[in-house]
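> Based on what follows, work out the 3D shape:
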Amino acid sequence: MAKPAFAEGAQVEHGKFGLGSVVKCTEEHVIINFDDHGEKKFVLSIVIASLKKSDRTPPAGKKKATRKKATPAAAAV
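Numbering: from 1, shown residues only. Purely as a prediction, here's the structure:
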């Protein structure tokens, strides 16, 4: 089995969609999460000429808002 063209987490730049992080890369497809355009799936053999590796630091993941657990109310006696 051939090594994927891009490793998971690799930083890439696309002419139209800008900077992004590789989510998954197989022999046929690459899924990239672009900073400003979200997740896109491409046929690798077609898009590989449009991608260039970027040496930027991966952006920090967005933290989800955490909700405090409700404490049970004291039972009225």
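> Apart from its chain neighbours, what residue comes closest to the residue sitting nearest the centre point of the chain?
The centroid of the chain falls nearest to Asn33 when counting by C-alpha atoms, centre = their mean (3.5 Å). Residue nearest to Asn33 in three dimensions, not counting chain neighbours: Glu39, with 4.8 Å by C-beta to C-beta, 6 or more residues apart in numbering. All C-beta atoms are positioned from the backbone trio N, CA, C, and that covers glycine.
> Is the one you found part of a helix or strand, or is it coil?
Following DSSP: H, G, I helix; E, B strand; the rest coil, the label given to Glu39 is strand.
> Next one: it from Val23, what distance?
The gap separating Glu39 from Val23 is 7 Å, by C-beta to C-beta, to the nearest Å.
> In contact with Ser21, which residues are there?
By C-beta atoms under 8 Å, 6 or more residues apart in numbering, Ser21 lies in contact with Gly9, Ala10, Gln11, Val12, Ile32, Asn33, Pro58, Pro59.
> switch the cut-off to 6 Å
When contacts are counted by C-beta atoms under 6 Å, 6 or more residues apart in numbering, Ser21 touches Gln11, Asn33, Pro58.
> Which residue is the nearest non-sequential neighbour of it?
Going by C-beta to C-beta, 6+ apart, Ser21 has Asn33 as its nearest residue, at 5.2 Å.
> Ile32 too?
Ile32's closest residue in space is Gly20 (C-beta to C-beta, 6+ apart), at 4.3 Å.
> Kindly export the helix or strand where the one you found lies (C-alpha atoms) in CSV.
In this assignment (DSSP states H and E), Gly20 forms part of strand 18-25. This file holds the C-alpha atoms of strand 18-25, laid out as CSV (Å, rounded to 0.1, in the frame of the first residue of the first chain):
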residue,chain,number,x,y,z
GLY,A,18,-6.8,29.2,1.4
LEU,A,19,-5.1,27.6,4.4
GLY,A,20,-6.4,24.3,5.9
SER,A,21,-5.5,21.2,7.8
VAL,A,22,-5.6,17.7,6.3
VAL,A,23,-8.3,15.6,8.2
LYS,A,24,-7.8,12.4,6.2
CYS,A,25,-5.9,11.3,3.1
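> my guess is the residue nearest to Ser21 meets Lys40, correct?
No. Counting by C-beta atoms under 6 Å, Asn33 does not reach Lys40; the two are 8.1 Å apart.
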